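In: quick one, what's the 3D model for this:
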Amino acid sequence: MSDGLHFDHAGHDVGDFPEMFSTRIQESEMSSPAISPSAGDHGAAWLRTQRRLRAELGEDIYLSWFARIELESVDAAGLAHLSVPTRFLKSWIQSHYADRILRAFQAEDSAVERIELSLRTAGGRTQAPAQPQPASGAAPRAGAPAAQPQPQTTDAGGPLVGSPIDRRMNFESFLVGRSNALAHAAAREVANSKAGEPIRYNPLYVHAAVGLGKTHLLHAIAGRAEDGGRRVLYLTAERFMFGFVSALRAQTALAFKETLRGIDMLVIDDVQFLQGKTVSAEFGHTLNALIDAGRQVVVAADRPPAELESLDDRLRSRLAGGLAVEMASLDEDLRLSILKSRVAAAREANPGFDVPAQVLAYVARTVTANGRDLDGAVNRLLAHNTLTGAAVTLEMAEEALRDLIRNREPKRVKIEDIQRIVARHYNVSRADILSARRTATVVRPRQIAMYLSKVLTLRSLPEIGRRFGGRDHTTVLHAVRKIDGLLHTDNALAEDVDLLKRMLSE
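Out: As a prediction, the model looks like this:
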């Protein structure tokens with residue numbers, strides 16, 4: 001590769017990164033905060049504390065920073081021992097949210113005087129806890145040493161280490177339907193090209209909602225390219241950010257640069273999690289240098305490039321400048337094919353497991369969210385069959401899959417969806433709605449979006465204000481009252497709002 005890779009690392013530290021520099025949280029970890037058995041009677045108070053933090057800070061910030069905090073114990077002196085799974089999460093929470101956590105915990109449990117954070121692994125704690133956080137307003141102990149940053153280990157001081165490629169996720173196991181045929185064809189084209197051949201799609205940008213197979217496709221591309229002798233680096237956005245921050249801390253920018261200099265293909269998953277000006281700028285330098293040097297870049301995200309608000313305009317334009325393909329929702333025929341494949345795989349380990357055709361058709365027709373829900377449906381049918389000995393029937397499937405049936409549950413509306421659909425309806429951009437512009441063409445759509453955010457979601461007024469460019473809750477309240485009043489007198493507005501509600505519920 002040419003020397004076109006430029007890394008401007010001077011003068012940056014972890015403080016350059018915003019609060020939304022997030023760690024990916026698996027859905028299973030989001031559902032309920034973990035509590036150690038040694039937490040005793042304080043466990044219920046910690047659950048209430050988590051709910052309080054979620055309500056005060058909003059869903060996105062809560063899931064980014066608080067969902068994986070565990071309460072280990074509260075000792076007789078009122079010291080609450082909390083643990084987190086990663087060193088970066090520990091450092092960031094200690095620096096930015098320790099006071100907030102302490103205040104919320106004290107509001108639910110008066111016995112708590114201080115908190116401390118430690119790093120946990122599957123085998124228990126591996127790092128000394130951080131300096132205990134005194135109660136809000138209390139002065140630090142006289143002569144207490146200042147907290148020192150913890151040194152990074154493993155790959156923190158060396159070259160960037162890629163995530164492992166899952167060889168089970170290959171093109172042979174990827175099922176193709178109308179919704180993903182274009183993405184699949186483009187992925188095979190990229191994966192089968194040889195080093196030195198002209199690159200047709202660079203970058204290849206694949207976007208899809210959760211559970212529709214984009215990560216499978218990325219692993220298939222990386223595995224096929226690697227088998228073809230190409231040097232491939234597969235990274236999640238979180239790992240790219242961690243590697244970059246570690247390089248800044250350890251002053252190993254050259255090693256970081258050399259790793260990227262020596263590859264033929266860079267594959268980045270979940271690029272929507274890239275946050276912060278410095279990280280985004282570094283990713284932009286990397287992207288430009290690789291493409292300009294004739295290296296293949298493959299990127300996946302949960303939205304189109306134009307909707308990656310955390311990235312600057314030039315980077316969004318570069319991502320859209322190759323081939324951007326969407327993997328749409330799974331059609332019924334593809335869902336049925338996936339179910340048949342999963343049942344056949346389950347039958348290899350459980351020969352007596354059989355799902356009648358009418359049950360497969362019912363599940364394919366009613367479980368419509370994504371492929372992971374289809375996997376969950378097969379697992380539930382298998383569990384009911386093997387654990388209870390009951391045959392798989394339509395009645396049993398209806399009972400076992402009640403909470404997976406999408407059309408029986410109201411759709412959960414997101415504020416981002418409201419902003420996007422309202423902006424499109426009124427022919428303005430989402431950036432306009434979030435901006436400080438006060439023109440009539442922007443103010444009315446912004447007020448309507450705020451009103452819909454209040455009536456269609458469970459978000460608080462302060463949280464809605466934060467999601468609308470950091471506005472005060474009184475601004476949101478004014479908008480809600482304004483639109484609510486106009487709906488009784490302005491028939492055109494009422495029709496618009498009804499239409500928007502229907503669009504958001506589809």
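
In: all contacts plus neighbour counts: C-alpha atoms, from now on.
Out: OK.

In: quick one: stretch 313-321 to chain centroid distance?
Out: Relative to the chain's own centre, stretch 313-321 is displaced by 21 Å; criterion: Cα atoms, centre = their mean, to the nearest Å.

In: would you mind measuring from A306 to G321?
Out: Per Cα to Cα, to the nearest Å, A306 is found 11 Å from G321.

In: do T259 as well
Out: 25 Å.

In: what does stretch 365-381 contact?
Out: Contacts with stretch 365-381, where a contact means Cα atoms under 8 Å, 6 or more residues apart in numbering, come from 210-213, 329-330, 332, 335, 338-339, 342-343, 363-364, 392, 397, 400-401, 404-407.

In: select only the buried ones of those in PyMOL?
Out: Command for PyMOL that selects the buried part of the contacts of stretch 365-381, burial taken from 16 or more other Cα atoms under 10 Å:
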select buried, resi 211+212+213+329+330+332+335+338+339+342+343+363+364+392+397+401+404+405
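
In: helices - which of the contacts of stretch 365-381 land there?
Out: E332, R335, I338, L339, R342, V343, V363, A364, A397, A400 (DSSP state H).

In: shouldn't L233 be within a helix?
Out: No: going by DSSP: H, G, I helix; E, B strand; the rest coil, the assignment for L233 is strand, not a helix.

In: pull the number of nearby residues for it.
Out: 23 (other Cα atoms under 10 Å).

In: my read is that N170 contacts D227, right?
Out: No: at 11.5 Å, N170 and D227 do not qualify as touching, with contact defined as Cα atoms under 8 Å.

In: which one of the two is surrounded by more residues?
Out: Using other Cα under 10 Å as the criterion, N170 and D227 rank with N170 on top: 18 against 13.

In: measure how far the lengthiest strand in the chain is from the centre of its chain, please.
Out: Ranked by number of residues, the top strand in the chain under DSSP state E is strand 114-121. Distance of strand 114-121 from the chain centroid (Cα atoms, centre = their mean) equals 24 Å.

In: which elements pack onto that strand?
Out: strand 79-84, helix 87-96, helix 98-108 (3 or more Cα pairs under 8 Å, 6 or more residues apart in numbering; DSSP states H and E).

In: quickly list the domain ranges of this structure.
Out: 32-139, 181-327, 332-408, 415-505 (automatic domain parsing).

In: confidence-wise, which of those domains is weakest overall?
Out: Among the domains of the chain, domain 32-139 has the lowest mean pLDDT, at a mean of 74.

In: from the chain's centroid, how far away is that one?
Out: With Cα atoms, centre = their mean, you get 22 Å for domain 32-139.

In: so where do the strands sit in the chain?
Out: According to DSSP E, the strands that the chain contains are 70-74, 79-84, 114-121, 124-125, 204-208, 232-236, 265-269, 296-301, 323-327.

In: turn those strands into JSON lines, columns for distance to D432.
Out: Output for the strands of the chain, formatted as JSON lines (distance: least, Cα to Cα, whole Å):
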{"stretch": "strand 70-74", "distance to D432": "40"}
{"stretch": "strand 79-84", "distance to D432": "38"}
{"stretch": "strand 114-121", "distance to D432": "40"}
{"stretch": "strand 124-125", "distance to D432": "47"}
{"stretch": "strand 204-208", "distance to D432": "24"}
{"stretch": "strand 232-236", "distance to D432": "30"}
{"stretch": "strand 265-269", "distance to D432": "28"}
{"stretch": "strand 296-301", "distance to D432": "23"}
{"stretch": "strand 323-327", "distance to D432": "24"}
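
In: OK, contacts around T386?
Out: F353.

In: Y234: neighbouring residues, count only.
Out: Using other Cα under 10 Å: Y234 sits among 23 other residues.

In: now it: how far from H478?
Out: Relative to H478, and taking Cα to Cα, Y234 is found at 48 Å.

In: with L461 instead?
Out: 11 Å.

In: compare the two (neighbour count), which wins?
Out: Taking other Cα under 10 Å, L461 and H478 do not tie; L461 has more neighbours (20 against 14).

In: excluding its backbone neighbours, what's nearest the more buried one?
Out: H473 (5.1 Å; Cα to Cα, 6 or more residues apart in numbering).

In: what about that neighbour, how many neighbours?
Out: 16.

In: how far away is it from I483?
Out: In terms of Cα to Cα, H473 sits 16 Å off from I483.

In: from T259, how far out is G243?
Out: Counting by Cα to Cα, the gap from G243 to T259 is 11 Å.

In: between the two, who's got more neighbours?
Out: Neighbour comparison, G243 and T259: the larger count goes to G243, with 23 against 15 (by other Cα under 10 Å).

In: give me the neighbour count for G276.
Out: 18.

In: swap that for V413, sorry
Out: 17.

In: residue contacts, it?
Out: Counted by Cα under 8 Å, 6+ apart, V413 has contacts L456, T457, L504, S505.

In: so of these, which ones are in helices?
Out: L456, L504, S505.

In: what number of residues lie near the last one?
Out: Around S505 there are 12 other residues, counting by other Cα under 10 Å.

In: now do it against M450, distance only.
Out: On the measure of Cα to Cα, S505 and M450 end up 17 Å apart.

In: what of V297?
Out: V297 is 38 Å from M450, by Cα to Cα.

In: same thing with M396?
Out: From M396 to M450 the distance is 43 Å (Cα to Cα).

In: do the same with L119
Out: Taking Cα to Cα, one finds L119 at 40 Å from M450.

In: also V84?
Out: 35 Å.

In: which one's more surrounded, the two?
Out: Using other Cα under 10 Å as the criterion, V84 and M450 rank with M450 on top: 28 against 23.

In: contacts only, for the more buried one.
Out: I464, F468, V476, A479, V480.

In: need the residues you listed in a markdown table (columns: neighbour count).
Out: Output for the contacts of M450, formatted as a markdown table (neighbours: other Cα atoms under 10 Å):
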| residue | neighbour count |
| --- | --- |
| I464 | 26 |
| F468 | 23 |
| V476 | 26 |
| A479 | 20 |
| V480 | 21 |
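
In: how about these, which pair is most distant?
Out: F468 and V480 (13.4 Å; Cα to Cα).

In: so what's L461 up against?
Out: Neighbour list for L461: K454, H473, T474, V476, L477 [criterion: Cα under 8 Å, 6+ apart].

In: among those residues, which lie within helices?
Out: K454, H473, T474, V476, L477.

In: lovely, talk soon.
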